[in-house]
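Chemist: Need coordinates for the below:
(chains A and B)
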There are 2 protein chains.
Amino acid sequence: MMGKKGALKAASLGERGIIDMIRSELDSRGAAQPDPPLPHPDDASAMRLPDGRFLVIKTDMFVRRTDAPRGMRHQSMGWKAITMNVSDLAAKGAMPAAAMVAMGIPRGYGADALRLFFRGLSEAARHYGFPILGGDVGEARDLSASVFLAGYANKLVRRSGARPGDILAVTGEFGSTGAAYKLLLEGKAAPPHLKRALHRSVFSPRARLAEGVALADSGLASSSMDSSDGLAFTLHSLARSSSCGFEITALPVSAPALEFARIHGISAEGLALHGGEEYELAVTIPPDRWGSAVEAVAGAGGRLIRIGVATEGSGVRMVSGGVREIPEDGWEHLRQEGHASCAR
Amino acid sequence: MMGKKGALKAASLGERGIIDMIRSELDSRGAAQPDPPLPHPDDASAMRLPDGRFLVIKTDMFVRRTDAPRGMRHQSMGWKAITMNVSDLAAKGAMPAAAMVAMGIPRGYGADALRLFFRGLSEAARHYGFPILGGDVGEARDLSASVFLAGYANKLVRRSGARPGDILAVTGEFGSTGAAYKLLLEGKAAPPHLKRALHRSVFSPRARLAEGVALADSGLASSSMDSSDGLAFTLHSLARSSSCGFEITALPVSAPALEFARIHGISAEGLALHGGEEYELAVTIPPDRWGSAVEAVAGAGGRLIRIGVATEGSGVRMVSGGVREIPEDGWEHLRQEGHASCAR
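Modeler: Next comes the predicted model:
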């Protein structure tokens, strides 16, 4: 079947086509969860427990060839493999309880490099406060780590709850990773202090765990999503899941991204919207709860930055300095016409 | 580091060396679970929950290149990827609650083949009675599926509880997969009826889930382990974890394995001991509980076959027709001097 000329290939389906295929097989064979608390698509999967809480689980696969930009050290790769998964639980309001790691390792891979990868995994798990209980090791041609993270949530925040009039907010500034990828992948220049700041954004990302759990537990957010696929893509996804649109009034661009954009004469807004691999949360808050939400997130050590408002209709528009549609410009694994590796 | 001449490579460490390295990093960075209910090595990992039960989790990675023998169809591969993980939870007495699947897929992989793989995953999950909640898809050079299975146990059965005098038992007969691998990998012949039976053992394995949970819940077993690494290897591991030895008085060899051994003039005992990929349970039962254990497993639709006894000391000996040491003859991923793929 696989060798047949002209037969449909994985690359033509793309990641989402493949996921749709899995879902249709699960549904038709009775292996899907009826009435899931976090229906597809959402950041993680959940199951209601007898005590009223939710078991929330997530797996995100780190593949060195596509997820580690040039220059990333093994310790950072391990750290990132964990952070990717924590960020998704954070967006749903779940506190991680335990992780497992399934590693694919090439036979000739250096033992010292592996040790540093494991060190990055360990330090990240420790940082976010959960144990790695175990895992599996198999032989593979690419270094990969599938992290499985299980946690518990008292309340869940879906992608689908935003209503017209809700305030759209994020937990941090954007653009540094977009600039860092131009530095790392396109060889663009930057002075040493800027280089350091940009590298840090890519090599030591932090998930907004305390913020996400505080928001969910307070019951103040109407929707929430992790922004790691890029801010523009994230806002489009959130809008689609909630059947609303978004108007953006202000984009919080990081100081390093602004400086980099000025040096190279490129759009800072573009860096902020289409960088990706930034582990902030994008959330919506009903206007009457805004003050309490700001307080709840501040109480968790973070901040909530208002960037716009949910509207009737669909799509994402910038409404400061004239109205412009913001394109989705997503990034998808396996797509034949996809972007360069890591440049998401 | 990785390219350095003479530097230590993954293949020199082997799967167990790599796992030791991960464990030392987890321990030294404070990311290991203190006082785990299922200490390493065991079939799965566990965590005590506030209500007294245990969260039991397992991940086992199916890699087509090493886990699918020639002739295995994609639907069987999906089925096997699930069964591998269910068997480990079964051995600990945990009922699976939910699974996630992280797939590594080559760009050129056939869509029809993928669909059949997903069908196999779905049918197995349905068979064992749990939903697949979600997963992840990434690009990889080998087809692989890391299944992450989470379940709950009222009581756990460790590998380490066997005491001298306990009865050693298994949940089924052995040898069919060992014969099937000789058929599939060495091209040995067999009449059609035998071929069918042997193929079935490799392509449609069943995990002993009801049996394992019944044994654990009854509190009758002193130790338990899944036999998928081969019976001899399993018994050696169980003996080591329990600091005891085993004397084998009778090996339950399957009828197809006996027939195949007779045709080819090879040892049926060898097939039973060193086949592997057989998802039976090996357990020990204190003698005064034997009758109740047999009943408990029968009540779950299975059977318990007495094969020997736990002794003082160490090692595994065959004691029918003279005393012979049974070699461990393990199989380990990634080892340079390892066996041929799939021939475990």
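Chemist: Now the host helix or strand of A:G291: buried residues?
Modeler: Assessed by DSSP states H and E, A:G291 sits inside helix A:290-299. The neighbour-count check on helix A:290-299 (16 or more other CB atoms under 10 Å in any protein chain shown) flags A:290, A:293-294, A:296-297 as buried. For glycine as for every other residue, the C-beta is placed from the backbone atoms N, C-alpha and C.
Chemist: May I see those arranged in CSV, with distance to B:L116 and pLDDT as well?
Modeler: Converted to CSV, the buried residues of helix A:290-299 look like this (distance: CB to CB, whole Å; pLDDT from 0 to 100):
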residue, distance to B:L116, pLDDT
A:W290, 51, 98
A:A293, 47, 98
A:V294, 51, 98
A:A296, 48, 98
A:V297, 47, 98
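Chemist: ok, the residues you listed vs chain B, which is closest?
Modeler: A:A296 (24.9 Å; CB to the nearest CB).
Chemist: Show the contacting residues for the spatially closest residue to the closest one that is not a sequence neighbour.
Modeler: Closest residue to A:A296 apart from its sequence neighbours, by CB to CB, 6 or more residues apart in numbering or on different chains: A:S218 at 4.4 Å. Going by CB atoms under 8 Å, 6 or more residues apart in numbering or on different chains, A:S218 touches A:292-293, A:296.
Chemist: all helices of the stretch 51-200 of chain A, in order?
Modeler: A:64-67, A:74-92, A:111-128, A:176-185, A:192-203 (DSSP state H, counting those that start in this stretch).
Chemist: where among those is the average confidence lowest?
Modeler: Between the helices of the stretch 51-200 of chain A, the one with the least mean pLDDT is helix A:64-67; it has a mean of 92.
Chemist: Wondering if that one reaches chain B at all.
Modeler: Yes. Judged by CB under 8 Å from any CB of the partner chain, helix A:64-67 comes into contact with chain B at A:65-66.
Chemist: next structured bit after the helix or strand where A:A214 lies?
Modeler: Secondary structure from DSSP H and E places A:A214 in helix A:209-218. Counting by DSSP H and E, the next helix or strand C-terminal to helix A:209-218 is strand A:223-226.
Chemist: Now the element after that following strand, going C-ward?
Modeler: With DSSP H and E setting the assignment, the helix or strand that follows strand A:223-226 is helix A:231-242.
Chemist: so for that following helix, what's the average pLDDT?
Modeler: 98.
Chemist: which helices and strands does that helix pack with?
Modeler: strand A:223-226, strand A:245-248, helix A:268-274, strand A:281-285, strand A:316-318 (3 or more CB pairs under 8 Å, 6 or more residues apart in numbering or on different chains; DSSP states H and E).
Chemist: among these, which is nearest B:R306?
Modeler: Closest to B:R306 of those, according to CB to CB: strand A:223-226, at 53.8 Å.
Chemist: Contacts for the closest one next, please.
Modeler: Here strand A:223-226 has contacts from A:43, A:87-88, A:90-93, A:157-162, A:166, A:207, A:212, A:215-216, A:234, A:237-238, A:241-242, A:279-284, using CB under 8 Å, 6+ apart.
Chemist: Kindly report the same for stretch A:292-308.
Modeler: Residues contacting stretch A:292-308 (CB under 8 Å, 6+ apart): A:167-173, A:208, A:210-211, A:213-215, A:218, A:220-221, A:246-252, A:283, A:285, A:290, A:319.
Chemist: Please pick the buried ones from those residues.
Modeler: Listed as buried from those are A:167-173, A:208, A:210-211, A:213-215, A:218, A:220-221, A:246-248, A:251-252, A:283, A:285, A:290; burial here means 16+ other CB under 10 Å.
Chemist: what number of residues lie near A:R240?
Modeler: 17 (other CB atoms under 10 Å in any protein chain shown).
Chemist: now do A:L258
Modeler: A:L258 has 17 nearby residues by other CB under 10 Å.
Chemist: Quick one: low-confidence residue ranges for the stretch 151-300 of chain A.
Modeler: By pLDDT under 70, the stretch 151-300 of chain A has no low-scoring segment.
Chemist: roughly how far apart are the closest residue to A:L209 other than its chain neighbours and chain B?
Modeler: Closest residue in space to A:L209, ignoring its immediate chain neighbours: A:A90 at 4.4 Å, by CB to CB, 6+ apart. With the distance defined as CB to the nearest CB, to the nearest Å, A:A90 ends up 17 Å from chain B.
Chemist: repeat for A:G151
Modeler: Going from A:G151 to chain B by CB to the nearest CB gives 11 Å.
Chemist: mind listing what that residue touches?
Modeler: Contacts of A:G151 (CB under 8 Å, 6+ apart): A:55-57, A:89, A:94-97, A:130.
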